[in-house]
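Novice: this one's sequence-less:
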Ligand SMILES: Cc1cc2nc3c(=O)[nH]c(=O)nc-3n(C[C@H](O)[C@H](O)[C@H](O)COP(=O)(O)OP(=O)(O)OC[C@H]3O[C@@H](n4cnc5c(N)ncnc54)[C@H](O)[C@@H]3O)c2cc1C
């Protein structure tokens with residue numbers, strides 16, 4: 001299948017990319033092309049112009065500064081399969097990375113492109129929402145910093161304006177007292193998951209000081225589940241309580257979220273998956 005005709009631009013600077021975006025109302029950024037190109041080939045997307053950012057030097061950088069991991073717009077999914085930093089965040093991103101599609105997709109596709117695409121069943125969108133990542137958007141009026149809670153509007157729709165380029169995303173580093181777990185259910189390895197859960201707990205000795213639980217594949221955007229987080233917060237963790245806490249968190253999440261249904265799974269089926277995925281991710285986090 002061939003895409004509809006489009007004009008191809010390949011600027012070599014962020015400013016050049018923004019200029020093209022601002023001058024072409026129907027233009028789209030091309031990063032790894034792993035979502036945009038299939039959509040164009042099926043003619044689900046018909047951008048009048050493409051702004052290929054792959055020649056912009058420096059956008060593939062992954063840096064750490066003052067407790068923040070900053071990931072540039074051209075860092076590919078595969079970059080994160082080995083920890084990009086030695087702490088819990090690097091290890092957790094490495095665990096999640098392997099769930100993103102298949103190796104060829106991870107080799108071309110970008111983490112930031114996944115956030116811009118905003119598929120509610122995308123692993124990085126759930127991680128960004130759960131960890132309160134900050135998106136860095138460059139546009140004709142300068143730089144905007146957008147929190148993940150405000151960034152995701154609905155399916156394939158974000159706070160980003162048409163003339164803005166997402167240049168990077170910033171994740172706060174996790175301290176050694178953080179524990180993370182991730183679980184998802186997909187019909188086949190590499191498929192988009194029906195439901196995924198990401199759990200990050202901060203321990204104070206053996207007590208859970210804070211708990212973050214994020215879900216994907218259940219709503220029009222990645223969500224947090226405060227009711228399940230409350231079940232874990234303040235609880236003592238020991239060999240005897242871990243599995244009980246995981247079951248309680250899974251039940252609280254299943255009771256408090258009303259998931260959508262589609263041809264892949266009814267709301268009732270997804271509710272069962274929420275229960276199981278939150279339980280598994282919590283077990284991983286607390287047992288690690
Ligand atoms: C068979 C298959 C299976 C897949 N499975 C999964 C999966 O299991 N989990 C998963 O998360 N993803 C999956 N994907 C999607 C893949 O992860 C994509 O790489 C990702 O969604 C988009 O990243 P990209 O760099 O390829 O973006 P592109 O395809 O280049 O762009 C996607 C969209 O984001 C916009 N965009 C990209 N970068 C920017 C930017 N810097 N600033 C502004 N807008 C931007 C584009 O304009 C476009 O609208 C799969 C894809 C395929 C083809």
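Specialist: Structure's in. What do you need? What you are looking at is a predicted structure, and each value in this text was computed from that prediction instead of being measured. Residues are numbered from 1 along each chain as shown.
Novice: CA only for contacts and neighbour counts going forward, please
Specialist: Noted.
Novice: For residue 228, what are phi and psi?
Specialist: Main-chain dihedrals, residue 228, degrees, to the nearest 10: phi -80, psi -30.
Novice: got the contact list for it?
Specialist: Residues in contact with residue 228, defined by Cα atoms under 8 Å, 6 or more residues apart in numbering, are 213, 248-253.
Novice: Also residue 46?
Specialist: 3-4, 6, 40.
Novice: and those residues, which are buried?
Specialist: 3, 40 (16 or more other Cα atoms under 10 Å).
Novice: hang on, the earlier thing: please flag which of the contacts of residue 228 sit within strands.
Specialist: With strands taken from DSSP state E, the overlap with those comprises residue 213.
Novice: just the contacts of residue 228 now: which is nearest the ligand?
Specialist: residue 213 (18.0 Å; Cα to the nearest ligand atom).
Novice: I figured the closest one hits residue 229, correct?
Specialist: Yes. Using Cα atoms under 8 Å, residue 213 is in contact with residue 229, at 6.0 Å.
Novice: Between those two, which has more neighbouring residues?
Specialist: Using other Cα atoms under 10 Å, the more surrounded residue of residue 213 and residue 229 is residue 213, with 31 against 20.
Novice: Skip the chain neighbours and tell me the closest residue to that one.
Specialist: Distances taken as Cα to Cα, 6 or more residues apart in numbering put residue 199 closest to residue 213, at 4.6 Å, once the chain neighbours are dropped.
Novice: what sits up against whichever strand or helix holds the one you found?
Specialist: For residue 199, the host element (DSSP states H and E) is strand 195-204. In this structure, residues lying in contact with strand 195-204 by Cα under 8 Å, 6+ apart are 121, 123, 126-127, 130, 177-186, 208-218, 270, 273-274, 277-278, 281-282, 285-286.
Novice: again with stretch 99-111
Specialist: With contact meaning Cα under 8 Å, 6+ apart, stretch 99-111 is reached by 31-34, 73-78, 122-124, 189-192.
Novice: touching the ligand at all, the strand holding residue 199?
Specialist: No. Judged by Cα under 6 Å from any ligand atom, strand 195-204 and the ligand are separated, with a smallest distance of 10.5 Å.
Novice: Show me what counts as buried in that strand.
Specialist: For strand 195-204, by 16+ other Cα under 10 Å, it's 195-203.
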